[in-house]
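Student: sequence and predicted structure, then a few things I'm wondering about:
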Amino acid sequence: MLDLSKYEENLDRNNIILQMALRDIDASLLVTAMTGMDERTKEIVFRNMSKRAIHMLKEDIREMGSASPSAVEAAREFFARLLEKHEGEIDDGISPSADPEPPIPDLGSEEGIIASFSLLVDFVKRNGLLPLEPLIDALDDPLMRKGLLMLVEGWDPLLQRAILERYKESYLRNLGLKMDLVIEGLDSLSAKDNSLITEQKLRSLVARL
């Protein structure tokens, strides 16, 4: 039986337990679990989600309309088990911080990346994913920003990875094109081409047929 009233008080401990459970539950199961839920109870969940994630969840609930009572009960029971699991972890010594501030990642070197993610996973284990949201606008790396945004919004991990792989492929293609333009430009300098020839050589690399 899912009872969220015990998490109604807006405390760090309650919020971290909810955020950990939201991280682990499949999006479709969450939609089913919240179908027909009263607004007061929904707000307990919503306060632990980003604004965009709340909007997406409300849309999914609206599109679903209704679900069978057995499906709703099964989804709520699964959510309740996740909450119980993470509540036990908190009680076993994973204590929330009073004012969580995520460590800013250092993506400038391999060692910096390794050290940064070691700190971030410990931070998330203590505080959940939602406190990572302030990092999104503070980072210059587009892949890291997109990945953090998807984490905070609760995207399915497999779908998230597939999308980020596509972003990586696109980034590498663009990087390769920039390198080709520089190399071609250097060739023009070496050949002492005039500006018109140089421009046409470079534009041929970015032509859209």
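Tutor: Great, that's in hand. Numbers count the residues shown, from 1 in each chain.

Student: so which strand or helix has the one residue sitting closest to the centre of the chain?
Tutor: Note on the chain: the residue nearest the mean C-alpha position is Leu151, at 1.8 Å, using Cα atoms, centre = their mean. If you go by DSSP states H and E, Leu151 is part of helix 142-153.

Student: that helix: how far from the chain's middle?
Tutor: 4 Å (Cα atoms, centre = their mean, to the nearest Å).

Student: hmm, who's touching stretch 194-209?
Tutor: Outside of stretch 194-209, the residues within contact range by Cβ atoms under 8 Å, 6 or more residues apart in numbering are 177, 180-181, 184-185, 187-188, 193. Any C-beta I mention is one placed from the backbone N, CA and C, and that applies to glycine too.

Student: so of these, which ones are in helices?
Tutor: By the criterion of DSSP state H, membership of those in helices covers 177, 180-181, 184-185, 187-188.

Student: which single one of the residues you listed is nearest to Leu139?
Tutor: Leu139 lies nearest to Leu177 out of the ones in helices among the contacts of stretch 194-209, by Cβ to Cβ, at 23.8 Å.

Student: now for that closest one, how many residues are close by?
Tutor: Here the number of neighbours of Leu177 (other Cβ atoms under 10 Å) works out to 12.

Student: how about Arg52?
Tutor: Neighbouring residues of Arg52 were enumerated by other Cβ under 10 Å; the total is 13.

Student: how about the contacts made by it?
Tutor: Under the criterion of Cβ under 8 Å, 6+ apart, the neighbours of Arg52 are 149, 153.

Student: so how far is the host helix or strand of it off the chain centroid?
Tutor: Under the criterion of DSSP H and E, Arg52 resides in helix 51-64. Taking the mean of its C-alpha atoms, helix 51-64 sits 16 Å from the chain's own mean (Cα atoms, centre = their mean).

Student: now it: mean pLDDT?
Tutor: The average pLDDT for helix 51-64 rounds to 86.

Student: and the closest residue in space to the residue nearest to the centre of the chain that isn't next to it in sequence, what pLDDT?
Tutor: The shortest distance from Leu151 to any residue that is not its chain neighbour, by Cβ to Cβ, 6 or more residues apart in numbering, is 5.4 Å, and that residue is Leu129. Leu129 carries a pLDDT value of 81.
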